[in-house]
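Enquirer: Prediction below, plus the sequence it came from.
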Amino acid sequence: MFYRDDRLALFIDGSNLYSAARALGFDIDYKKLLSEFASRGKLVRAFYYTALMENEEYSPIRPLVDWLDYNGYSLVTKPTKEYTDATGRRKIKGNMDIELAVDAMEIAAHIDHIVIFSGDGDFRRLTEALQRQGKRVSIVSTIRSQPPMIADELRRQADAFIELDDLSDRIGREQRTRPPYEPASGTDDDGPEDDDA
């Protein structure tokens, strides 16, 4: 439950939210997400957490990160770490759980309601600690994906669970559809030119 005079803070585990939305078949419109939660109370801060690969010339997440940084989000990033697992396979790690937990505990004194966008069970203890300080904690994730993207213990601990799929019409990005191809009349064309594809 949200109250209009609540001071809200959003904590978005970027990779977790991305995976949950993808599993449900939609993309997040972060401008709409900000508006949606600003309409539910007094939005004090919206944090977005993601790890970035340092040595890549171009990262597909870079345009999003830059946009978020200029449009009302507090960005928290760190470089990914590369390691080799026990089987000799190269792995990349970029966990942001500690950063999110520390920031949530630091801002808690100035907030009434904290919304965590993640289904990671590691956040159960953070949720419990925030509740002991008298804060309400809502978790945004999904149980409608296969498998569900939220840990049961986190869902049980939260004051409220918000199904991400139920928000899709309010925070989902408009799907850009291409108009169907129609060849010009009088042509013998079977489809688009190769250089248009």
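Expert: Happy to help now that I have it.
Enquirer: only C-alpha atoms for contact and neighbour calcs from this point on.
Expert: Will do.
Enquirer: Spell out the residue ranges of the helices in the protein.
Expert: If DSSP state H is used as the criterion, the helices of the chain fall at 14-24, 30-38, 62-70, 97-107, 124-132, 152-157, 164-171.
Enquirer: among those, which is nearest Gln146?
Expert: helix 14-24 (7.8 Å; C-alpha to C-alpha).
Enquirer: name the helices or strands packed onto the helix or strand of the chain with the lowest mean pLDDT?
Expert: Between all helices and strands in the chain, the lowest mean by mean pLDDT, DSSP states H and E belongs to strand 90-93, at a mean of 74. On a contact count with 3 or more C-alpha pairs under 8 Å, 6 or more residues apart in numbering; DSSP states H and E, strand 90-93 meets strand 81-84.
Enquirer: same question for the strand it packs on, mean pLDDT?
Expert: In this model, strand 81-84 carries a mean pLDDT of 79.
Enquirer: What strands flank the least confident helix or strand of the chain, and is each parallel or antiparallel?
Expert: Paired neighbours of strand 90-93 in the sheet (DSSP bridges): strand 81-84 (antiparallel).
Enquirer: Which positions within the strand it pairs with qualify as buried?
Expert: Taking 16 or more other C-alpha atoms under 10 Å as the neighbour-count basis, strand 81-84 is seen to contain no buried residue.
Enquirer: which helices and strands sit right next to the lengthiest strand in the chain?
Expert: In the chain, ranked by residue count with DSSP state E as the criterion, the top strand is strand 42-52. Helices and strands touching strand 42-52, by 3+ C-alpha pairs under 8 Å, 6+ apart, are strand 7-13, helix 14-24, strand 74-79.
Enquirer: Let me know the angle separating the last one from strand 42-52.
Expert: This means strand 74-79. Orientation check (axes from the mean of the first three to the mean of the last three C-alpha atoms, to 10 degrees): strand 74-79 against strand 42-52 gives 10 degrees.
Enquirer: between strand 74-79 and strand 7-13, how big is the angle?
Expert: Computed by the same axes, to 10 degrees, the angle separating strand 74-79 from strand 7-13 equals 20 degrees.
Enquirer: contact partners of strand 74-79?
Expert: With C-alpha atoms under 8 Å, 6 or more residues apart in numbering as the contact definition, strand 74-79 has outside contacts at 45-54, 65, 68-69, 94, 99.
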